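Asks: next one to model:
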Amino acid sequence: MQEMTVHAPERRSWPAWRARVLAGLAGIAQTLAFAPRDLWWLQLLAMAGLFALVERSASRRHALWLGGSFGLTSFVSGIWWLYISMHTYGGMPGVMAGAAVVLFSIYLAIYPALAAFVTRSVTASGAWRVFAFAGAWTLAEWLRGTVFTGFPWLSPGYAHVDGPLAGFAPLLGVYGISGLAALAAAWLARALVPVMATTRAMRRLVAVVGVLALMGVGAGLARHAWTTPSGKPLSVRLLQGNVPQDMKFERAGIDHAMAMYRDMIVAAPADLIITPETAFPVLLQGIPPEVATPIREFVDRTGSHVVLGAVGATITDRGPTDLTNSLFGVTPRDQTLYRYDKHHLVPFGEFVPWGFRWFVDMMHIPLGDFLRGTATPGGFPIRDQRVALNICYEDLFGEEIAQALRNMPEPATVLANSTNLAWFGDTIALDQHLQIARMRTLETGRPMLRATNTGATAIIDAHGKVQGRLPAMTVGALTGNVQPYSGLTPYVRFGNVPALVLALVALGLGLAMTRRAR
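Replies: Numbering: from 1, shown residues only. Just a heads-up that it's a prediction; the model follows:
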């Protein structure tokens, strides 16, 4: 009877429509926490609001709708720029493109909805529900980044690259930080939200202490050096051509881009020069001699290493086959080209999922069916260092980058991403992608170089700080020095396993205590 008295105030529910509206507003607030605003504390408040609503929900079904409302508004307001790629550059009718963004957001919202549903299933004491919320959210985010090749964009952990929880990145990765953020948010809700006014003062104090402890441990971990400087800094030049997407694959645009990037490459030497993804939007064999020869002569003469973005293919008697989205490394006085083929392809952009050919046919995106490459066993060698290359949104998948590093005979000491976000215009997608890259540097303890077509071209050090960045939608070359780092962080060694184990334990305890109470 006493336990019913304690929990009854938490079970009182608001009208369903009002709770869903509030959950939707919390979802929008979470989006505002990401780049370019970088308000990590707002992400905690937004998730705290969701947890408080789930605590008050009348049933698991109601909690499911609350999580879905939170997720839907968060994703629609956070990835609306997909509309530009489908409508402006893909030629899809505006109504269809808008509907596609909403439908995709509904799919992504399934995962926070399931997390809320599972959380509400825990009817044990509120403390256990807090841990269940953190565990469920971690697992839901991991599933969102895995199922159907995954789309982990806007995972809550990315909002914390400048916050105290960033110190956990070398141990638990972005999914682990997402779970810790959920834990901190739930504690905040139990300590501060008025709907929990009946919670005893001691429990409020424990919640506050828990939040402060998490932040303190994270800040302390951020001071620990998991990797160490390796050798001398590399001089780099990162090229940004700002080629309009609507002319990138037109003949005039192709000729202009190849001549421009040739001139930008040979303008000045550097240890490493990188072009954006498909900066040369033709087959490698299709680069004309007047473009290829000056680049080869420049590399041999200056000792520079150049990474070219182009299309790879196998040439047969019947023409090119097995097209790949590739990067080719040109080494001084060595006719052998280093090759990296993108292996995590973009659905609908680089391959057509089964049953969706009709959807792709509504757009006019060229080169939309690539072959999946295989993971490269070693990085691109430059002096006594190695650079691990990746293309476009491959840097969203920290587990794959970590796996590549730990499987290399000599782990790369620098990360480099070559991308083209011109598909999305001058939108928040550019800043969001830069924020994602910063998380990869924190997880791996290595710097990241970003060469992009329209932005954000940047040099990020091994501590996640942006050392230099070109203005978006401009033509330029970002010149600087980058310090390589060696050594393996716990995240590189073990990937997402520790975060998932902790999530399963937290969720399992909550469910087990619920069963015991029954």
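Asks: residue 433 versus the residue nearest to the spatial centre of the chain, what's the distance?
Replies: Closest to where the C-alpha atoms of the chain average out (C-alpha atoms, centre = their mean) is residue 396, at 3.3 Å. Residue 396 is 8 Å from residue 433, where distance means C-beta to C-beta, to the nearest Å. Any C-beta I mention is one placed from the backbone N, CA and C, and that applies to glycine too.
Asks: where in this protein is pLDDT low?
Replies: 1-14, 124-125, 193-200, 317, 319, 348-368, 375-376, 515-518 (pLDDT under 70).
Asks: remind me, longest helix of it?
Replies: Longest helix in the chain, counting residues (DSSP state H): helix 94-121.
Asks: helices or strands next to it in the packing?
Replies: helix 40-56, helix 60-78, helix 82-83, helix 126-144, helix 497-517 (3 or more C-beta pairs under 8 Å, 6 or more residues apart in numbering; DSSP states H and E).
Asks: switch to 6 Å and redo it
Replies: helix 40-56, helix 60-78, helix 82-83, helix 126-144 (3 or more C-beta pairs under 6 Å, 6 or more residues apart in numbering; DSSP states H and E).
Asks: now the angle from the last one to helix 94-121?
Replies: So the one you mean is helix 126-144. For helix 126-144 against helix 94-121, the angle by axes from the mean of the first three to the mean of the last three C-alpha atoms, to 10 degrees is 150 degrees.
Asks: and after helix 126-144, which helix or strand comes next?
Replies: Next along the chain after helix 126-144, taking DSSP states H and E as the criterion, comes helix 169-192.
Asks: contacts for that following helix?
Replies: 44, 47-48, 51-52, 130, 133-134, 137-138, 141-142, 155-157, 160, 165, 168, 196, 199, 204, 207-208, 210-211, 214, 226, 398, 439, 442-443, 445, 489-491, 496, 498-499, 503 (C-beta atoms under 6 Å, 6 or more residues apart in numbering).
Asks: then stretch 480-495?
Replies: 170-171, 173, 226-231, 233-236, 385, 399, 402, 405-406, 413-414, 443-447, 459, 462, 468.
Asks: next: stretch 283-303.
Replies: Against stretch 283-303 from outside (C-beta under 6 Å, 6+ apart): 258, 262, 265-266, 269, 280, 306, 310-311, 313, 320, 330, 332-333.
Asks: so where does residue 91 fall, helix or strand?
Replies: Per DSSP H and E, there is no helix or strand for residue 91.
Asks: tell me where the stretch 301-450 of the chain has strands.
Replies: Here the stretch 301-450 of the chain has its strands, by DSSP state E, counting those that start in this stretch, at 305-316, 319-331, 334-341, 380-382, 385-391, 414-419, 448-452.
Asks: quick one: strands adjacent to the fourth one?
Replies: With DSSP bridges as the criterion, the sheet partners recorded for strand 380-382 are strand 385-391 (antiparallel).
Asks: send the alpha carbons of the strand it pairs with over as CSV?
Replies: The C-alpha coordinates for strand 385-391 follow below in CSV (Å, rounded to 0.1, in the frame of the first residue of the first chain):
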residue,chain,number,x,y,z
GLN,A,385,52.8,8.2,-41.5
ARG,A,386,49.6,6.6,-42.9
VAL,A,387,46.3,8.3,-43.6
ALA,A,388,43.0,6.4,-43.3
LEU,A,389,40.7,7.6,-46.0
ASN,A,390,36.9,7.6,-46.1
ILE,A,391,34.3,9.1,-48.3
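Asks: and that strand with strand 334-341, angle?
Replies: 40 degrees.
Asks: re the thing from before, can you tell me which two in the contacts of stretch 283-303 are farthest apart?
Replies: Farthest-apart pair in these is 269 and 320; separation 32.6 Å (C-beta to C-beta).
Asks: what about the spatially closest residue to residue 262 that is not a sequence neighbour, which helix or strand?
Replies: Leaving aside its sequence neighbours, residue 262 sits nearest to residue 291 (C-beta to C-beta, 6 or more residues apart in numbering; 4.7 Å). Secondary structure from DSSP H and E places residue 291 in helix 289-302.
Asks: go on, residue 224?
Replies: Using DSSP H and E, residue 224 falls within no helix or strand.
Asks: only alpha carbons, please: show stretch 116-136 as CSV.
Replies: The C-alpha atoms that make up stretch 116-136 are tabulated as CSV, following Å, rounded to 0.1, in the frame of the first residue of the first chain:
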residue,chain,number,x,y,z
ALA,A,116,10.0,5.2,-24.6
PHE,A,117,7.8,2.2,-24.8
VAL,A,118,10.4,0.0,-23.1
THR,A,119,11.0,2.6,-20.5
ARG,A,120,7.3,2.8,-19.6
SER,A,121,7.3,-1.0,-19.3
VAL,A,122,9.5,-0.7,-16.3
THR,A,123,7.1,-0.3,-13.3
ALA,A,124,9.7,-0.8,-10.6
SER,A,125,10.9,2.2,-8.6
GLY,A,126,11.8,5.3,-10.5
ALA,A,127,15.5,4.8,-10.0
TRP,A,128,15.4,1.6,-12.1
ARG,A,129,13.3,3.3,-14.7
VAL,A,130,16.1,5.9,-15.1
PHE,A,131,18.6,3.2,-15.9
ALA,A,132,16.2,1.4,-18.2
PHE,A,133,15.7,4.7,-20.1
ALA,A,134,19.4,5.1,-20.6
GLY,A,135,19.8,1.4,-21.7
ALA,A,136,16.8,1.5,-24.0
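Asks: quick one: contacts of that stretch?
Replies: With C-beta under 6 Å, 6+ apart as the contact definition, stretch 116-136 has outside contacts at 51, 54, 57, 60, 63-64, 66-67, 115, 179, 182-183, 186, 503, 506-507, 509-510, 513-514, 517.
Asks: buried only: go through those residues for me.
Replies: Buried members of the contacts of stretch 116-136, scored by 16 or more other C-beta atoms under 10 Å, are 51, 54, 57, 63-64, 66-67, 115, 179, 182-183, 186, 503, 506-507, 509-510, 513-514.
Asks: quick one, phi/psi of residue 229?
Replies: phi -60, psi 140 (degrees, to the nearest 10).
Asks: ok, it - how many residues close by?
Replies: By other C-beta atoms under 10 Å, 14 other residues sit near residue 229.
Asks: leaving out sequence neighbours, find the closest residue to it.
Replies: residue 483 (5.4 Å).
Asks: count the neighbours of the one you found for me.
Replies: 17.
Asks: that one and residue 378: what is the separation?
Replies: 21 Å.
Asks: same check, this time on residue 327
Replies: The spacing between residue 327 and residue 378, counted by C-beta to C-beta, is 14 Å.
Asks: just to revisit the earlier point, quick check: phi and psi at the residue nearest to residue 229.
Replies: Dihedral angles (degrees, to the nearest 10) for residue 483: phi -90, psi 120.
Asks: distance check, it against residue 170.
Replies: 17 Å.
Asks: again, but for residue 315
Replies: Counting by C-beta to C-beta - residue 315 and residue 170 are separated by 44 Å.
Asks: do the same with residue 35
Replies: In terms of C-beta to C-beta, residue 35 sits 21 Å off from residue 170.
Asks: what are the buried residues along the helix holding residue 291?
Replies: For helix 289-302, a neighbour-count test (16+ other C-beta under 10 Å) marks 291-292, 295, 298-299, 302 as buried.
Asks: can you lay out those residues as TSV showing distance to residue 121?
Replies: What follows is the buried residues of helix 289-302, written out as TSV (distance: C-beta to C-beta, whole Å):
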residue	distance to residue 121
291	61
292	62
295	60
298	63
299	61
302	64
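Asks: restricting to C-alpha, output stretch 62-69 in PDB.
Replies: Provided in PDB are the C-alpha atoms of stretch 62-69 (Å, rounded to 0.1, in the frame of the first residue of the first chain):
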ATOM      1  CA  HIS A  62       0.800   6.500 -24.800                       C
ATOM      2  CA  ALA A  63       4.600   6.400 -24.100                       C
ATOM      3  CA  LEU A  64       5.100   4.900 -27.600                       C
ATOM      4  CA  TRP A  65       3.300   7.900 -29.100                       C
ATOM      5  CA  LEU A  66       5.300  10.300 -27.000                       C
ATOM      6  CA  GLY A  67       8.600   8.900 -28.100                       C
ATOM      7  CA  GLY A  68       7.400   8.900 -31.700                       C
ATOM      8  CA  SER A  69       6.300  12.600 -31.500                       C
END
